[in-house]
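*Asks:* output the structure for:
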Amino acid sequence: MDVKINFRFTQIQTNPRRLELADISILGAGSWGTALAASLFNNGHHVILWSYREDQVNELKKTRENKSKLPGVILPENLQYTSDFEEAVTDKDLIVFAVPSKATRETALKFKPFLKSNQKIITVTKGIEEGTLMNQTEILQDVLGEGVRVGVLSGPSHAEEVAQSLPTLVVVGSKDKELCVMTQEFFMNENFRVYISPDVTGIEIGASLKNVIALAAGMSDGLGFGDNAKAALITRGIKEITALSVAMGGESETLNGLSGIGDLIVTCQSRHSRNRKAGELIGQGMSTDEAMKKVAMIVEGVYSAKAAKALGEKYGVELPIIEEVNEVLFEGKDPRTEVLNLMTRDKKKEIEIMGWK
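*Replies:* You can find the predicted model right below:
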């Protein structure tokens, strides 16, 4: 029997600085964009959800359900939908980019003519652009210019759980503190807690690379390697992510937080994780293309893996797990062989800076 979940939040009344109403646009009607649109609407804001597909917009208007992305979730009655570029972004207090990472640049270019010069933008997309090695905020700044004010929201936050009003904690990062505080106030409610941070690099590298490590964790599951192996992948994975982030100017403390170890744990463990699931299917013998078709949703780790490896080479950071994932994804190597390669690497200290007196 199908269960319909009414998407309903109770607005916080105890914060005297809470902004009562804002005009907010969500670009991208995937599971995450849809969940955030409904959450923001139930916080008391005017929200419009944009999809490039007119048929999807018509279905949302008719059924109030995103059947392909969030089946069973009934959306608020007065949530707005559009496929029109100008209608979606004109005179908005905040625009939230929730399109797949590979579509960020193209989408930004299409919306650029309709944006005001000091537009506030938050990206909730996780991924690195392969050709340029840019993070999502860097892509938006590159396309839209220095006048726009850009930040990122990330953390362990599966849309399926946000849609059920389950407790979720995230972090929003920007060099613009005012944008961070405003976004925190727009998004926060009793089920969705938001922290703020100036470390955009740390947040975005954590968000992107955890998807690559989750592919490895899924491969381990598919090979039947058990909990010990997965715990090791998570632990050594956060070390790789932190090393690269610090080399790029990020703060190591960020990777100990929600957008680092928090997001990595949930993505490597959760049944909702499309990256973990794709990795599991590859571990069971599917090709990368077969696994992505089976998952039938965007597997961001596949798009970030090559860029992550290239960043490691650029900054001189050793990323053995990420390198082996690339071998499996793009060179057709056997996952079991790549695990053996990791297990038989040269002997090392666990923590290089430690020594014996």
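
*Asks:* okay, and residue 180 sits in which element?
*Replies:* helix 177-187 (DSSP states H and E).

*Asks:* could you pull out the helices for the stretch 151-300 of the chain?
*Replies:* Secondary structure of the stretch 151-300 of the chain by DSSP state H, counting those that start in this stretch: the helices cover 159-162, 177-187, 200-222, 226-247, 252-255, 263-269, 274-283, 288-295, 300-315.

*Asks:* before we move on, back to that, quick one: the helix holding residue 180 to chain centroid distance?
*Replies:* 18 Å (C-alpha atoms, centre = their mean, to the nearest Å).

*Asks:* next: stretch 157-173.
*Replies:* Here stretch 157-173 is found 11 Å from its chain centre; the criterion is C-alpha atoms, centre = their mean.

*Asks:* show me what counts as buried in that stretch.
*Replies:* When burial is assessed from 16 or more other C-beta atoms under 10 Å, stretch 157-173 yields the following buried residues: 157-163, 165, 168, 170-173. Backbone N, C-alpha and C define where each C-beta goes, glycine included.

*Asks:* likewise for stretch 34-41?
*Replies:* Judged by neighbour count (16+ other C-beta under 10 Å), stretch 34-41 contains these buried residues: 34, 35, 36, 37, 38, 39, 40, 41.

*Asks:* of the residues you listed, which belong to helices?
*Replies:* The helices in this structure, assigned by DSSP state H, contain 34, 35, 36, 37, 38, 39, 40, 41 from those.

*Asks:* could I get those in JSON lines, plus columns for distance to residue 285 and pLDDT?
*Replies:* Below are these laid out as JSON lines (distance: C-beta to C-beta, whole Å; pLDDT from 0 to 100):
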{"residue": "34", "distance to residue 285": "33", "pLDDT": "97"}
{"residue": "35", "distance to residue 285": "33", "pLDDT": "97"}
{"residue": "36", "distance to residue 285": "36", "pLDDT": "98"}
{"residue": "37", "distance to residue 285": "38", "pLDDT": "97"}
{"residue": "38", "distance to residue 285": "38", "pLDDT": "96"}
{"residue": "39", "distance to residue 285": "39", "pLDDT": "96"}
{"residue": "40", "distance to residue 285": "42", "pLDDT": "97"}
{"residue": "41", "distance to residue 285": "43", "pLDDT": "96"}
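
*Asks:* returning to that earlier point: a markdown table for the buried residues of stretch 157-173, including pLDDT and distance to residue 225?
*Replies:* Formatted as a markdown table, the entries for the buried residues of stretch 157-173 read as follows, by pLDDT from 0 to 100; distance: C-beta to C-beta, whole Å:
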| residue | pLDDT | distance to residue 225 |
| --- | --- | --- |
| 157 | 96 | 27 |
| 158 | 94 | 24 |
| 159 | 95 | 28 |
| 160 | 93 | 26 |
| 161 | 95 | 27 |
| 162 | 95 | 31 |
| 163 | 91 | 32 |
| 165 | 92 | 35 |
| 168 | 98 | 30 |
| 170 | 98 | 31 |
| 171 | 98 | 31 |
| 172 | 98 | 36 |
| 173 | 98 | 34 |
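
*Asks:* residue 195: which of those residues is nearest?
*Replies:* Within those, the smallest distance to residue 195 is 4.5 Å, found for residue 171 (C-beta to C-beta).

*Asks:* bridge partners for that closest one, pull those for me.
*Replies:* With DSSP bridges applied, the residues forming beta bridges to residue 171 are residue 154, residue 195.

*Asks:* how close does it get to residue 342?
*Replies:* Look at residue 171 and residue 342: by C-beta to C-beta, to the nearest Å, they are 30 Å apart.

*Asks:* could you do residue 154 as well?
*Replies:* From residue 154 over to residue 342 the distance is 27 Å, taken as C-beta to C-beta.

*Asks:* higher neighbour count, the two?
*Replies:* With neighbours defined as other C-beta atoms under 10 Å, residue 154 and residue 342 compare such that residue 154 has more, 27 against 16.

*Asks:* I'd like the average pLDDT over the helix holding residue 180.
*Replies:* Mean pLDDT, taken over the full extent of helix 177-187, equals 98.

*Asks:* my guess is residue 260 contacts residue 241, does it?
*Replies:* Yes - contact status for residue 260 versus residue 241: in contact at 6.6 Å, counting by C-beta atoms under 8 Å.

*Asks:* now do the shared contacts for those two.
*Replies:* When contacts are counted by C-beta atoms under 8 Å, 6 or more residues apart in numbering, the set common to residue 260 and residue 241 consists of 206, 210.

*Asks:* one step back: make a markdown table out of the ones in helices among the buried residues of stretch 34-41 and add distance to residue 91.
*Replies:* Output for those, formatted as a markdown table (distance: C-beta to C-beta, whole Å):
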| residue | distance to residue 91 |
| --- | --- |
| 34 | 23 |
| 35 | 25 |
| 36 | 20 |
| 37 | 18 |
| 38 | 22 |
| 39 | 22 |
| 40 | 17 |
| 41 | 18 |
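
*Asks:* residue 236 and residue 302, how far apart?
*Replies:* 21 Å.

*Asks:* which one of those two is surrounded by more residues?
*Replies:* Neighbours were tallied for residue 236 and for residue 302 using other C-beta under 10 Å; the higher tally belongs to residue 302 (25 against 16).

*Asks:* list the contacts of residue 318.
*Replies:* 240, 243, 312.

*Asks:* what do you get if the cut-off is 10 Å, keeping everything else the same?
*Replies:* Residue 318 is in contact with 240, 243, 244, 312, 345, counting by C-beta atoms under 10 Å, 6 or more residues apart in numbering.

*Asks:* number of nearby residues for the fourth one?
*Replies:* What that stands for is residue 312. The criterion is other C-beta under 10 Å. On that basis, residue 312 has 20 neighbouring residues.
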